[in-house]
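> Sequence and predicted structure are below.
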Amino acid sequence: MILPIVAYGDPILKQRAKEISSSSKDLEILLKNMWETMYAANGVGLAAPQVGKSLRLFIVDGSPFSVEASLTEDEKNELKGFKKVFINPKILQKSDDLENFNEGCLSIPDVRGDVTRPTTIKIKYQNQYFKEITEHISGFPSRIVQHEYDHLEGILFTDKLSALKKKLLKNKLLKISRGNINVDYLMKFDNNRYTK
Ligand SMILES: [Zn+2]
């Protein structure tokens, strides 16, 4: 089932999400619905708070992004196989090298902005079977993971933009929070309006 994606302005996007226990009910259904929702919106990542669940869970699949013409073959291959579930993730280390990238977010349609992030991270998490995994992630996959991880901390990429860019976006963000935008996937706005 496709779930409505919560739009910028909803307080759930500003909350720190809660840990999930392996006995959590309905997790399998939530995951199935999140995959369906993410693909329907052509996203490469989706965090549980974006579908109205304040839980420490996000999913990623870099493959839709691997067709971007501007990417090198190595970058494309790196993204193609990058499909994972992250439960209760914790970033343990961040590299000193930083990279800049023009990000977007399914909760903030039609807005993009340059965000600087560490190139490589070391992250510990549980997969969908609650198996604990620790790994290093670099490049585009690292970018996607850090963006989604921020959602669990109640941080949006727009919080990380320059003061000038924030000022320039202020009206547009206000419009989004009021549902005053055109978007081709199902969204829920803070005033209980929905798209479609
Ligand atoms: Zn996002």
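It's in.
> so where do the strands sit in this structure?
Shown for the chain, the strands assigned by DSSP state E span residues 5-6, 45-47, 57-61, 83-94, 98-103, 113-118, 120-126, 132-138, 187-188.
> Nearest approach to residue 172 belongs to which of these?
Nearest to residue 172 among the strands of the chain is strand 113-118 (10.9 Å), distances taken as Cβ to Cβ. In this view, the C-beta of every residue, glycine as well, is placed from N, C-alpha and C.
> Paired strands for the closest one, with orientation please.
strand 98-103 (antiparallel) (DSSP bridges).
> show me the residues around the residue nearest to the spatial centre of the chain that make contact.
What sits nearest the mean C-alpha location of the chain, by Cα atoms, centre = their mean, is residue 148, with 3.4 Å. Going by Cβ atoms under 8 Å, 6 or more residues apart in numbering, residue 148 touches 45, 46, 47, 58, 59, 60, 86.
> I'd like the distance between the last one and residue 144.
Spatial separation of residue 86 from residue 144 under the definition Cβ to Cβ, to the nearest Å is 10 Å.
> who touches both of those two?
In contact with both residue 86 and residue 144: residue 60, using Cβ under 8 Å, 6+ apart.
> for this structure, where's the lowest mean pLDDT among helices and strands?
When the helices and strands of the chain are scored by mean pLDDT, DSSP states H and E, helix 73-80 comes last with a mean of 84.
> Which other helices and strands does it contact?
Applying 3 or more Cβ pairs under 8 Å, 6 or more residues apart in numbering; DSSP states H and E, we find helix 73-80 packed against helix 139-152.
> where are the low-confidence patches of this protein?
Residue ranges of the chain with pLDDT under 70: 196.
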